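**Q** got a predicted structure here, sequence first:
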Amino acid sequence: MELNKIEDILEKYFQGETSIAEENQLKEYFSSPNVAQHLEQYKPMFGYFSQAREQKSTYEIPLQTKKRNVAWLSIAASAVVLLGIGTYFFVSEKNETTAVASQAELGTYDDPEEALKATQKALALLSNNVNVGIESVHYIKEYEQSKNKIFKQ
């Protein structure tokens, strides 16, 4: 090969612009015994590729396969499902008993005086809430009067 051609390819190689065929030419050139004196410094670099290709690793990688015991996994999954179903029925039964008890307590008084006190208490609560609403209406009336004064109709 021409020395100038090798130098051009080498320059392109260091700029990262070579093709695979040009890189193969460089490998062939530097693996031959006829390397120019001023290019001798690059010989180990291109010689490394051919040496690395021939090297083989003697180290064995131990492959440890993890065996999952599917039987234990399925037993655990079924236990979780059963626990979830049991919890659901326990909670829903508890809610049903409290709902029945609260329905039984609504509006049933054996003593008329106790019923009267409960009714008075409920009406007082209702009265307080209505009075708060009436106070809000009073503010609205003041606003209407002020608006009518500003914007005479």
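**A** Arrived safely, thanks for sending. Residues are numbered from 1 along each chain as shown.

**Q** determine the number of other residues adjacent to Gln37.
**A** Look at Gln37: counted by other CB atoms under 10 Å, it has 6 neighbours. Quick note: C-beta positions are derived from backbone N, CA and C, even for glycine.

**Q** these two touch, right, Tyr13 and Leu26?
**A** Yes. Assessed by CB atoms under 8 Å, Tyr13 is found in contact with Leu26 at 6.1 Å.

**Q** who has more neighbours, the two?
**A** Under the neighbour definition other CB under 10 Å, Tyr13 and Leu26 were set side by side, and Leu26 has more, 21 against 17.

**Q** so which strand or helix has that one?
**A** Using DSSP states H and E, Leu26 maps to helix 20-31.

**Q** could you break this structure into its assigned domains?
**A** Taking automatic domain parsing as the domain assignment, the ranges for the chain are 3-54, 75-106, 111-153.

**Q** show me where this structure has its strands.
**A** Assignment of strands within the chain using DSSP state E yields no ranges at all.

**Q** where does it have its least confident helix or strand?
**A** helix 43-54 (a mean of 71; mean pLDDT, DSSP states H and E).

**Q** wait, which of the domains of the chain is closest to Gln64?
**A** Evaluated over the domains of the chain, closeness to Gln64 peaks at domain 75-106, with 23.3 Å, by CB to CB.

**Q** as CSV, the domains of the chain with distance to Leu63 would be great.
**A** Rendered in CSV, the data for those read as follows (distance: least, CB to CB, whole Å):
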stretch, distance to Leu63
domain 3-54, 25
domain 75-106, 27
domain 111-153, 76
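
**Q** just the ones you listed: most buried one?
**A** domain 3-54 (a mean of 12; mean count of other CB atoms under 10 Å).

**Q** run the chain-centre distance for that domain.
**A** Distance, stretch centre to chain centre, for domain 3-54: 50 Å (CA atoms, centre = their mean, to the nearest Å).
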